[in-house]
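Engineer: Below are the sequence and a predicted model for it; my questions follow.
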Amino acid sequence: MTVYEREIGNTTLGEPALVIAADTVVVGHGGAILEKPRSEREHIEMLTSLRDGFGGIHKVYTGVAVMSPLESARDPGYAMESHVEETLVKFDSNGEDILFHWLPSLLKRKAAWESFRKANMKWQSRTI
């Protein structure tokens, strides 16, 4: 269940004063949007592909949207602003040892963070 699905029917807490949403997408060579890797093997394949193609350069886009309810009862609705930031990322040609040495450790920390995040989703959704 997404935060939106859980909170849309929440009559106890009422309507949020501010909603902030963000997401990041990695765009590989040729403009392909890369899905999140599901295993250590997929992480290695993706990182190797990004490192080896087009001189190790790829793009990362981060979109942010901010919404707040309008204060007018005569004209109800939401005010919304959004922004997308494009970042060019270049792999260091000497970074392979670092990349493959730290990947297993990073994946373990990511799994621990995901467990914590899911357990605390309601808390997070209200503090944003």
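Structural biologist: Now that the structure is in, tell me what you want to look at. Numbers count the residues shown, from 1 in each chain.

Engineer: which secondary element of the chain has the worst mean pLDDT?
Structural biologist: Taking mean pLDDT, DSSP states H and E as the measure, the helix or strand of the chain with the lowest value is helix 121-127, at a mean of 40.

Engineer: Now do H58: how many residues are near it, please.
Structural biologist: 22 (other C-beta atoms under 10 Å). To be clear about C-beta, it is placed using only N, CA and C from the backbone, and glycine gets the same treatment.

Engineer: does it really touch G30, like I thought?
Structural biologist: No - under the criterion of C-beta atoms under 8 Å, H58 lies out of contact with G30, with a separation of 10.3 Å.

Engineer: Now do the helices in this structure.
Structural biologist: For the chain, the helices identified by DSSP state H occupy 3-8, 40-52, 96-119, 121-127, in order along the chain.

Engineer: Out of those helices, point me to the one whose mean pLDDT is lowest.
Structural biologist: Least confident of the helices of the chain, judged by mean pLDDT, is helix 121-127 with a mean of 40.
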